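Colleague: using only what follows, build the 3D model:
(one chain, ligands or ions: 1)
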Amino acid sequence: MNVESHVAELERDGYTVIPNALSPEEVRATYQAVEELLAAEEAIARRTGTQSDNLLTAHTIVGKHPVFYEFFLNPPTMQIVRQMIGDEALLYDANIRIPMPTGAANKRQGFQLHVDREDYTVLPFVEGKHFPMAMNVTWCLVDFTIENGATLLWPGSHQSCRVPDPESRPPGYVYAEAPAGSAVIWDAAIWHASGINHGDSPRYAVLAYYIRSWMRGKTDSLRFIPPDVRPILSEEARHLLGFRPAPPDYSDVKALSPKQLAALTVEEKKVLGFAIY
Ligand SMILES: O=C(O)CCC(=O)C(=O)O
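Modeller: Numbering: from 1, shown residues only. The predicted structure is shown next:
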C-alpha cells in the first residue's frame with residue numbers, strides 16, 4: 001500500500017479508497033457479525049427507527065459483538081488515519097449502515113447531502129483554511145456500486161469550508177464504487193450523501209469515525225463500551241477507544257519524562273492537576 005498517495009488523495013480530493021483492507025475471510029466474518037447484531041436488535045430497532053424498510057443501522061457497535069472488539073484497529077486504515085489526524089487518533093464511534101434494495105431513501109439518516117459533525121469539522125474554518133479534524137471510514141462488505149447505493153462524494157468540497165444545503169444535489173459528485181473488502185476513507189468535512197439502493201440486495205457496510213486525540217465530541221464515547229467487555233479488549237484497542245492516561249498539559253507536567261510520569265504518587269498527581277478521582 002502506498003500510504004503517501006492515499007494521504008495525498010485525502011488532502012486533495014477529501015477521500016481515498018484502500019482495496020483489500022479486509023481479507024475475504026474478514027469480510028465473511030464481519031458480514032456474519034453484522035447479521036447477528038442486526039437480528040439481536042431488530043425488535044427494538046424497528047420501533048426506534050434504527051432499522052426500517054429502506055435502511056438498517058446499528059449504533060455504537062464496538063462492544064456489541066466480539067468481531068468488533070479489535071476490528072477498528074484495521075492496520076491499513078489506521079496507517080492512513082494516523083497520518084491524517086495524528087498518531088494518537090481516537091475511535092469515536094462505529095456503526096452498521098445498510099441501505100436496503102427498495103429504491104427509496106429515508107428523510108435524512110445520511111441520505112441528505114451533508115458533512116459529518118460540522119460544529120467542529122467545518123464551522124470553525126469558515127472563511128479560512130480547512131484543517132482535518134476527523135476521518136470517516138466505510139468498510140464495504142459487498143461490492144459498492146452505483147446501483148446498490150455507493151456513497152456520493154464531492155471531491156475537493158472539504159476545502160470549501162462550507163456546509164451544503166442538505167436538500168441540494170450540486171453537480172460534480174462521484175460514487176465511491178469499490179469492491180468488497182475495500183475501506184473508503186473520507187475527511188469528515190467533505191460533502192457527501194448515502195446513495196439509494198436500486199439494486200436487488202442489501203448494501204452491507206461497517207462505518208467508523210476517528211477524531212483527533214484532544215477532542216471530546218458530543219457523545220460519551222467511552223461509556224458505550226460495556227464494563228464486562230473492557231477487560232477483554234487488547235491494550236491497543238482500549239487505547240484507541242480512549243482508555244488511556246491523559247496527563248494534563250501544564251508546563252510542569254510536560255517537563256516530566258515518561259519515567260517520571262509513571263513514578264508520580266497520587267498526592268503529586270493531585271498537585272499537578274491530574275484527573276485522579
Ligand atoms: O453509508 C453511506 O453511504 C454514507 C454514510 C454517511 O453519510 C455518514 O456516515 O455520514
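
Colleague: near the ligand, which residues of the stretch 151-277 of the chain?
Modeller: On the criterion Cβ under 6 Å from any ligand atom, the ligand has as its neighbours in the stretch 151-277 of the chain the residues 151, 192, 194, 205, 207. Glycine gets a C-beta too; all of them are placed from N, C-alpha and C.

Colleague: what's the separation between the first one and D187?
Modeller: Just to be clear, that refers to T151. T151 sits at a distance of 13 Å from D187 (criterion: Cβ to Cβ, to the nearest Å).

Colleague: cool, and the last one?
Modeller: Distance from L207 to D187, counting by Cβ to Cβ: 14 Å.

Colleague: of those two, who's got more company?
Modeller: Neighbour totals were compared for L207 and D187, and D187 leads with 27 against 18 (other Cβ atoms under 10 Å).

Colleague: so the more buried one sits against M135, correct?
Modeller: Yes: with contacts defined as Cβ atoms under 8 Å, D187 counts as touching M135 at a distance of 6.4 Å.

Colleague: quick check: neighbours shared by those two?
Modeller: Where contact means Cβ atoms under 8 Å, 6 or more residues apart in numbering, the residues bridging D187 and M135 through contact with each are 10, 84.

Colleague: related to what we said a few turns ago, and the furthest pair within the residues of the stretch 151-277 of the chain next to the ligand?
Modeller: In these, two members sit farther apart than any others by Cβ to Cβ. They are H192 and A205, at 13.4 Å.

Colleague: which residue of the two possesses the greater neighbour count?
Modeller: Between H192 and A205, counted using other Cβ under 10 Å, H192 has the larger neighbour count: 27 against 24.

Colleague: dump the residue contacts of the residue lying closest to the more buried one once chain neighbours are set aside.
Modeller: If the residues on either side of it in the chain are set aside, H192 comes closest to L153, at 5.0 Å by Cβ to Cβ, 6 or more residues apart in numbering. For L153, the set of contacting residues under the criterion of Cβ under 8 Å, 6+ apart consists of 14-15, 173-176, 186, 190-192.

Colleague: of all those, which comes closest to I85?
Modeller: Proximity of the contacts of L153 to I85 (Cβ to Cβ) peaks at W186, which lies at 12.5 Å.

Colleague: using CSV, write down the CA coordinates of the strand or helix carrying the closest one.
Modeller: Using DSSP states H and E, W186 sits in strand 183-187. The C-alpha coordinates for strand 183-187 follow below in CSV (Å, rounded to 0.1, in the frame of the first residue of the first chain):
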residue,chain,number,x,y,z
ALA,A,183,-12.1,0.8,3.0
VAL,A,184,-13.3,4.1,1.8
ILE,A,185,-11.9,6.9,4.0
TRP,A,186,-13.2,10.4,3.8
ASP,A,187,-12.4,13.6,5.5
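
Colleague: neighbours around N2, how many?
Modeller: In terms of burial, N2 registers 7 neighbours under the definition other Cβ under 10 Å.

Colleague: for it, give its distance to R230.
Modeller: With distances taken as Cβ to Cβ, N2 is found 36 Å from R230.

Colleague: how about the most centrally placed residue in the chain, phi and psi?
Modeller: With distances taken as Cα atoms, centre = their mean, the chain has Y209 as the residue nearest its mean C-alpha position (1.7 Å). Backbone geometry at Y209, expressed as degrees, to the nearest 10, gives phi -130, psi 120.
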